[in-house]
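Student: Need coordinates for the below:
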Amino acid sequence: MTQILGISGSLRKGSFNTALLHTAQDLMPEGSTLVAGSIADIPLYNADKEQAHGLPDAVVRLKEQIIEADGVLLFSPEYNNSIPGVLKNAIDWTSRPASDISKVFGGKAFAVLGASPGGFGTILAQDAWLSVLRTLTTRQWHQGRLMVARAGDMFDDGALTDDKMKDRLRAFLAGFTAFAADQQN
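Tutor: Numbering: from 1, shown residues only. Predicted coordinates:
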């Protein structure tokens, strides 16, 4: 069984990216599962607090989920043409202490996808993640790209309603899951 971890980079209750993650859970290929991780309880990173109190429980939990997963999908919104701060903050926390980077991220299969109400999807955020994921020594999957543009027209009450986009998401998930499984061999 191939286990993929999905992390939505939005805290908003009606998030298109969280809705995309939930849709993806239903479209996973046979023999695989998509577990939803959460960044909701991760505080802003502060090295003084880390030194005084260690890692918050929510960070430890997310790190463990990343380690246990065969691959990680970041469902990343695009804020001001780049990475959303809350998701970057969570990834920064999970890279602490720096000596854990290879254990948590080293060689782990990663890919980024996302939904946005704008006309260009999340192309700039996805590009901005490349250097972060490279620095963390992940294995990035570049065979597919999924950007849900004009997400307000694609979702209805949290459900992805566009059949062509569902087919694209299904193909994306199949490709990434195969890539993640191959990295384990």
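Student: Tell me the secondary structure at the most centrally placed residue in the chain.
Tutor: When CA atoms, centre = their mean is applied to the chain, the residue found nearest the centroid is L74 (1.3 Å). Using DSSP: H, G, I helix; E, B strand; the rest coil, the secondary structure recorded for L74 is strand.
Student: check contacts around it.
Tutor: Residues near L74 by CB atoms under 8 Å, 6 or more residues apart in numbering: 7, 9, 87, 110-114, 129. Backbone N, C-alpha and C define where each C-beta goes, glycine included.
Student: Among those, which are located in helices?
Tutor: Residues from the contacts of L74 lying in helices, with DSSP state H as the criterion: 87, 129.
Student: Quick check: of the contacts of L74, which lies closest to L146?
Tutor: Of all the contacts of L74, L146 sits closest to L113, with 4.0 Å by CB to CB.
Student: Tell me which residue lies farthest from the centre of this protein.
Tutor: Per CA atoms, centre = their mean, the most distant residue from the centre of the chain is A52 (29.0 Å).
Student: need the contacts of L74 in JSON lines with pLDDT, can you?
Tutor: Listed next are those as JSON lines, based on pLDDT from 0 to 100:
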{"residue": "I7", "pLDDT": "98"}
{"residue": "G9", "pLDDT": "97"}
{"residue": "L87", "pLDDT": "98"}
{"residue": "F110", "pLDDT": "98"}
{"residue": "A111", "pLDDT": "98"}
{"residue": "V112", "pLDDT": "98"}
{"residue": "L113", "pLDDT": "98"}
{"residue": "G114", "pLDDT": "97"}
{"residue": "W129", "pLDDT": "97"}
